[in-house]
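Asker: Sequence below, structure please.
(one chain, ligands or ions: 1)
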Amino acid sequence: MGNFIFGCRFLVFVFSTWTTVSSGDIFSPEAKQFATDIDRRINENVNPCDDFYEYSCFNPTPVNSTRIVVGSEIRQTILNRLKTGKKPGDGEAVNKYYDLYKQCSTVQTDENFNQTILDYVHDFDKLFEGVGKIDASQLAKITAYLLVHHGFSLITTLGKSKPVHKRFSNFRSILSIEAPKSLSQDVLYFFDPTRADKFKDILRSHYAFINSTVDKKYLNKLASDMYNLEFAIAHVVPAPRDVKNVQTMTVSEAMKTFPTVDWRTVVTLLASYSGVDLLDGTKLDDYPLVFENSNTTKLILEIIAKTPQELLKNYFKTRIVGVFVSCEALTTTTLPLIKQHLYIIDLYPTAADRANFKRFATKIADNIITNVRKMLEEITWIKNDKQTYAGFTDKMNKLTKIIGYPDGLDDQAHLDRLHSDFALSANETMTSMYLKCFKFLAKSILDDRVIIHLDMTSVNAYYNPNSNIIGIPIAMLQLISPNDIPAAIYGNVGTTIGHEIIHGFDVYGAQFDGDGDINPWMSQAGQASFDSMVQCVVNEYNEFNATDAKNNTFKVNGAQTAGENVADNGGIRAAYNAFLSDPEWDKPFPRTPKLKDTTNEQLFFLAFNRFWCIPPFDASLASHFLHSPSKVRVLGTLRNFEPFRKAFNCPANSQYAPEKHCDVYTPSEGSTSNAQSMTSNVAAFTLLSFFMILFVL
Ligand SMILES: [Zn+2]
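Answerer: Presented below is the predicted three-dimensional model:
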C-alpha cells in the first residue's frame, strides 16, 4: 500500500492548484502524495532556520507523524483480518489462529463467562494463603505463576538471552530476567492528559468486576493506589541502559544477590508450568540467569517490598481481569507469528511480490549500511588506529540484518511445524483455553520460537547489540515505496535505518563486539576520542529545554539520552550520504504551491521531520526515557548537521545552525552529523485494552 496514508481530498486540492508542472502523469501517485503531505505541513510564517520543527510539522496545528498514522492503520488491518476468517489455502497454523479467535468469542458470550473469570482470578488467592507477609518463596511462586498462567510479568518478562561472562559460554541460551514493561510507561509515552484517568477507570472497573459490592470510596482509593504502584514501576523501567547493570549469575548467586526472591523456585516452576526443560542436565544451583538490568530488578524488588500485601494481591488480580477483555489481543498475543504472517501475505500475496519488496528494501538498507561503513572509516580516530579499526570492521562485517521479516514467516509449512504443539479441542472451557494459550506462549518464548518484542507489524526498527542484528520490519517499510522520490525514502526510513546501525556504535552498543559480547574493542586512544565525542553531545543536549502538552518545561538529560542522540546524529549523515549516492536523488517532484522553489536536499529534511511530528511526552516521565522529546531530536540532529544549514541557507548562529555544535561521527574534512530512528514504544497508540495483554510476557 506504499505511502497511501492520506485521503483523496488532498489530491484533489493538489491537482487543482498545481501551476508549474505540466502533467500529473509524469509523477507517481506516491510522489504526488508525498508532495501534498509535505506541503500541508509547512508553515510559511516560521523560518526553518529558527524552528524547523515548527516550520514543517505544524500548520497551524500538528499534523501527525506518518509513523503514527500508518501504525494505527496497520493495527486496524490486523483486527479486520482476524474477523474475516479462513480463506481457501490457509495452512493448519493459520486455521488455529482463526479457531482461537472464534472459540474465544464464543466463550465470551457464555452465560458463565463472568463466573469462570472470577474463579480463575480467585484461584490466585491460594498463593497468598497462610502467609502474613510475602516472603521469598511466595514471591517466586507468584512470579512464575503469573508469567505462565496469565502472561503477566511482575519482576521479570520471559525471555532467553546469552550469558555475558565467558565462564558461562557453554550455555548457549539462558533465562533472561528483564524488567517488565509497565502499563503507564507505554501509555504515557504519547502524551494524552486523559490517559491517567482512563487507566484508573479501567482499574476501577476491573476491580469492581472482582468485587461487585465494593464500596465506592474504597474503590477510588484502591484505583489510585494501584495506579501509583504502576507508575512507580514505570519510573524505574527502563533505567538507562548500562552494561554494568547486565549481570549473569548462577541461581545460587542470584539467591544471595536478590534474596527477596527464591530463584530456585522461579526456575523450577517456570520449567514445570511451561513444560520446557530449562535446565537441560545442569544442576539447579549452577543454572545461569542473565539480569538484563540488575539495577532495575533491584529497584522493582524494593517497590514490591514496600507495597502492602493486600494492595499487591488486588493489583495482580485486577491486571489478570484485564487479560480477558479482548479476544483480538489474546489471539494475536498467543500466536504472534501468525498475525505477522497474515499481514505479510496480504500485503504481498505472491512469492514474486515478496521477493520484489525484499529486493527494494534490501537495496535501500544496503546502501545505508555501505554509507555507515564509509562514514566511520573516514573518522580519524578509527581509520588511524589499528585496534579500533579492526574492532569496527569486525562489527560491520558481522552485522546481521532482518529486512522486512525473518525467513520462514511467509512459509506456511514452517509455521505449521512451529505450531504443531498448539491445539484446541472443539469444546474448550474458558479456563482451559486461556491456560493453553499462555502456556503455549511461554513455551514458544522459552524454546526460542518467538522473540516477543520483535514484531514485524510494528512501525519501528531495532538494533540488538547482544546479537549484532538490525531489524527493519515490513510495517516500517510501508512508509516507503519504489515509486517514491529518493528524498522521501532516505529522509524518512533511511534515517531510521542509519540510526539503528549507529546504535552499534553508540554509548551502549559500542561496548559490545561483533559477536555481541561485552568486550571493549577500541584502543585506549580510540575510546578516549569516542568519549570526548559523546561528552560533547551530552553537554549539548543538557542545554535543551522541552515543553510537554501541559506546558510543563523540563530539561533534557544529556547523559541519559546520549545513546539515542548519538544514533540520531550518526544516522542522518549515513542516510544523507546514501541519498546523494542514489543516481536518482535529484528526481523531479510535484511542485505544489509551497514546494515551488524547494530543492531535493530540502525535501530530504522535510521528509525527516515528517516522521517526528509526535506529541511530546509527559514531563514527569522525562527522567526515564532514553529518547529526547521529538522536537529536541529534530533540533539536536539538524543543528549538528552542516548539510542542513547549507540546504536552507541558514545564517550563522541561527537556532538550527550554531557555530558551536557537536560533530558526531563527522569525517575531519567538512562537517556533518546525523539522524534518528525509532525504537521501542511506538506501538503505544493502540487501545488501552490491547496493552493490558501486551505486557503480559
Ligand atoms: Zn534508537
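
Asker: Okay, strands next: where are they in this protein?
Answerer: Secondary structure of the chain (DSSP state E): strands at 160-161, 174-177, 247-250, 288-291, 400-404, 462-464, 469-473, 545-547, 553-555.

Asker: want to try CSV for the ones you listed, with mean pLDDT and distance to the ion as columns?
Answerer: Bear in mind the C-beta positions are built from the backbone N, C-alpha and C, glycine included. Output for those, formatted as CSV (pLDDT from 0 to 100; distance: least, CB to the ion, whole Å):
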stretch, mean pLDDT, distance to the ion
strand 160-161, 78, 20
strand 174-177, 78, 20
strand 247-250, 89, 23
strand 288-291, 88, 22
strand 400-404, 95, 16
strand 462-464, 91, 7
strand 469-473, 94, 11
strand 545-547, 88, 18
strand 553-555, 89, 20
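
Asker: So which of these is nearest residue 436?
Answerer: strand 160-161 (21.5 Å; CB to CB).

Asker: So which of the strands of the chain is nearest residue 628?
Answerer: strand 545-547 (7.4 Å).

Asker: Can you point out the buried residues in that closest one?
Answerer: residue 546 (16 or more other CB atoms under 10 Å).

Asker: What of stretch 449-465?
Answerer: For stretch 449-465, by 16+ other CB under 10 Å, it's 450-465.

Asker: can you pull the contacts of the residue nearest to residue 332 when sequence neighbours are not counted?
Answerer: In this structure, residue 332 finds its nearest non-sequential neighbour in residue 339, 4.4 Å apart by CB to CB, 6 or more residues apart in numbering. Counting by CB atoms under 8 Å, 6 or more residues apart in numbering, residue 339 touches 78, 97, 331-332, 457.

Asker: ditto for residue 412
Answerer: Contacts of residue 412 (CB under 8 Å, 6+ apart): 90-94, 341.

Asker: what's the answer for residue 536, then?
Answerer: Contacts of residue 536 (CB under 8 Å, 6+ apart): 662-664.

Asker: Mind doing that once more with 6 Å?
Answerer: By CB atoms under 6 Å, 6 or more residues apart in numbering, the contact list for residue 536 reads residue 662.

Asker: and the residue of the stretch 351-500 of the chain found nearest the ion, how many neighbours?
Answerer: Nearest residue of the stretch 351-500 of the chain to the ion (CB to the ion) works out as residue 499 at 5.6 Å. Neighbour count of residue 499, defined by other CB atoms under 10 Å: 32.

Asker: With adjacent residues omitted, what lies nearest to residue 446?
Answerer: Using CB to CB, 6+ apart, the closest residue to residue 446 is residue 276 (4.2 Å).

Asker: What distance do you get for that neighbour to the ion?
Answerer: 32 Å (CB to the ion, to the nearest Å).

Asker: In this structure that residue contacts residue 444, no?
Answerer: No - judged on CB atoms under 6 Å, residue 276 makes no contact with residue 444 at a distance of 9.5 Å.

Asker: Give me the more crowded residue out of these two.
Answerer: Each of residue 276 and residue 444 has its neighbours counted (other CB under 10 Å); residue 444 has more, 25 against 18.

Asker: residues contacting the more buried one?
Answerer: Residue 444 neighbours (CB under 6 Å, 6+ apart): residue 450.

Asker: Nearest to residue 55 among the strands of the chain would be which one?
Answerer: strand 545-547 (17.1 Å).

Asker: which strands and helices sit next to the closest one?
Answerer: strand 553-555 (3 or more CB pairs under 6 Å, 6 or more residues apart in numbering; DSSP states H and E).

Asker: Mind giving me the packing neighbours of the strand it packs on?
Answerer: Using 3+ CB pairs under 6 Å, 6+ apart as the contact criterion, the elements in contact with strand 553-555 are strand 545-547.

Asker: Paired strands for the strand it packs on, with orientation please.
Answerer: Strands that pair with strand 545-547, judged by DSSP bridges, come out as strand 553-555 (antiparallel).

Asker: Identify the farthest-apart pair in the buried residues of stretch 449-465.
Answerer: 457 and 465 (23.7 Å).

Asker: before we move on, the earlier item: quick one, which of the strands of the chain is packed in tightest?
Answerer: strand 288-291 (a mean of 24; mean count of other CB atoms under 10 Å).
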